[in-house]
Structures are given as structure tokens and as C-alpha cells.
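Q: Any chance you can model this:
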Amino acid sequence: MEKETLKIPSHVAIIMDGNRRWAQERNLSQNEGHFQGYERMCQTPDWFFARGIKIISFFAFSTENWNRSSEEVNYLMKLMKAALEERKEEFKNKKYKVLISGCLEELPGDLPEVCQQIIDETKQNHNGIVNICLNYGGRLEIVEAVKKLIKNNVDLEQVHEGMLKKYLYQPDLSDPDIIVRTSGEQRLSGFLLWQAAYSELFFLKKYWPEFERDDVDLIIREYNKRDRRFGG
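A: Sure, this is the predicted structure:
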């Protein structure tokens, strides 16, 4: 793909859906599905950054996912901790900046500290931003931002979009140009609700563990079909 002839989105956000169904159709455990999804999440930043995309956001675990079985939730938390610990040096060597968005203080065990450590140790990196949304809910993010406004005694006259954005999890990130969901489901499920106001939406039928390098080109081609007018 010739990057020069195409508009390259700066920020791509992905709802990684379909791990469990992928596993079920192959008579595998749901944990195997999640593991394959984790492997894919670790591979894809290279693919996106190589195409000129600057930011990739992943919906890794939502605030609603706590409603799943304790066995599944415990596995996912252990998997996320292992991912952050095992991949930290790789991300540092590749100069990727890692952000983790969500209610980190509510995560179990020492996972909050593990999250903060990789954030701190990659904050100076500049070869691409990997934003992992963990224990994240779009409505909760907005509610928490409003609480911070009130706590800081912001005057009514000072409340506007730009002010509220300052209190979101990642106020310095640009909004996603395109949000991609795998598995054929066609909804946001609370993902980046404030930031998605003018994002393009693209729904892939394949499950997340089936995501391939060529799908990055597919996303870019789809993005180039869209006419973004931002209300104009």
C-alpha cells in the first residue's frame, strides 16, 4: 500500500470482540480464545505504526466485564498483568509509549502498580502510542470528569467542551479517526463515548483472533472511502 496516495488515520481504536466465539467454534476453552486475542493485541501495534498510524487504542476490559464468571475474570486479570510485565521491555526497545485508561485503582492485587510502572517507563517514547483501555467505561469516564470539575470548584461559566476534556483519562490524545469492532457486532458498548462523536465506524465480521496484517490496509482503504465533514 502506498501511504502517500491515501489519507492515513492518526488514531485507530479497536473493540477486540469475538475471542470466546472463536474458541467455541474450534472446541477450545474460552481462556485459549482470550490468549489468542492477547497475542494478536501484542502483534498489531507494529502493523499499524508501520502504516503511519500514530495511536492505537484497544478496548481490553470494560467495567461491565466484571459481570462475567470469576474464573474468566481472574484469568483475564492474570493475562493482562503478564502481558504488561512480559512486553514492557519490548515496548521500551521499540520506543512505544504505553497509556492505560480506566479506573486503575480498582484493579486487583498489584496490577495498578504494574500499570503505572509501564506508563512511567515508556512516557518519553515517541514511535507510537498504545492506549490500553482497562476497567474502562465511557459513561463512567464522563461521570468521573464531572466529579473532578465539581471537586476543583470550576465556575459554571468556565464549563465547556474543552474544559471537560481536560478531565478525561487521556486529555492529550486526539479523538479516534476510525473505530473498528470485530466479530460482526455493530455497537460501541460504551467505548470512548465522548471521543467517538465524529469517529468513523467500521465493523469487521471476523473474530479478533483472526485479525491479520492485511486488515490494517483494509481499514485504511475503508477510511479513505469516508467523507468526514464534521457537521459542515
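Q: residue ranges for the strands of the protein, please.
A: Taking DSSP state E to define them, one finds strands in the chain at 11-15, 55-62, 97-101, 129-136, 178-181, 200-203.
Q: Now do the first one: which elements does it pack against?
A: Based on contacts counted as 3 or more CB pairs under 8 Å, 6 or more residues apart in numbering; DSSP states H and E, the elements that strand 11-15 packs against are strand 55-62, strand 178-181. For every residue, glycine as well, the C-beta is placed using N, CA and C.
Q: could the strands of the chain go into a markdown table alongside mean pLDDT and mean neighbour count?
A: Output for these, formatted as a markdown table (pLDDT from 0 to 100; neighbours: other CB atoms under 10 Å):
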| stretch | mean pLDDT | mean neighbour count |
| --- | --- | --- |
| strand 11-15 | 98 | 26 |
| strand 55-62 | 98 | 23 |
| strand 97-101 | 98 | 22 |
| strand 129-136 | 98 | 24 |
| strand 178-181 | 98 | 23 |
| strand 200-203 | 98 | 17 |
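Q: and the ones you listed as TSV, adding distance to D120?
A: Putting the strands of the chain into TSV (distance: least, CB to CB, whole Å) gives the following:
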stretch	distance to D120
strand 11-15	23
strand 55-62	19
strand 97-101	10
strand 129-136	15
strand 178-181	28
strand 200-203	33
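Q: Of these, which is nearest G33?
A: Minimum separation from G33 across the strands of the chain (CB to CB) falls at strand 55-62, 14.3 Å.
Q: Just want the angle from that closest one to strand 129-136.
A: For strand 55-62 against strand 129-136, the angle between stretch directions is 20 degrees (axes from the mean of the first three to the mean of the last three CA atoms, to 10 degrees).
Q: what sits against the most centrally placed residue in the chain?
A: Against the mean C-alpha coordinate of the chain, by CA atoms, centre = their mean, the closest residue is F58 at 2.1 Å. Contact analysis of F58 by CB atoms under 8 Å, 6 or more residues apart in numbering lists 13-14, 16, 41, 130-133.
Q: Could you do K94 as well?
A: 46, 127-128.
Q: Give me the buried entries from those residues.
A: Buried members of the contacts of K94, counted by 16 or more other CB atoms under 10 Å: G128.
Q: Please enumerate the helices of this structure.
A: Assigned by DSSP state H, the chain shows helices spanning 19-24, 30-50, 70-93, 111-122, 138-151, 161-165, 213-225.
Q: what about G184, how many neighbours?
A: Other residues lying near G184 total 13 when counted by other CB atoms under 10 Å.
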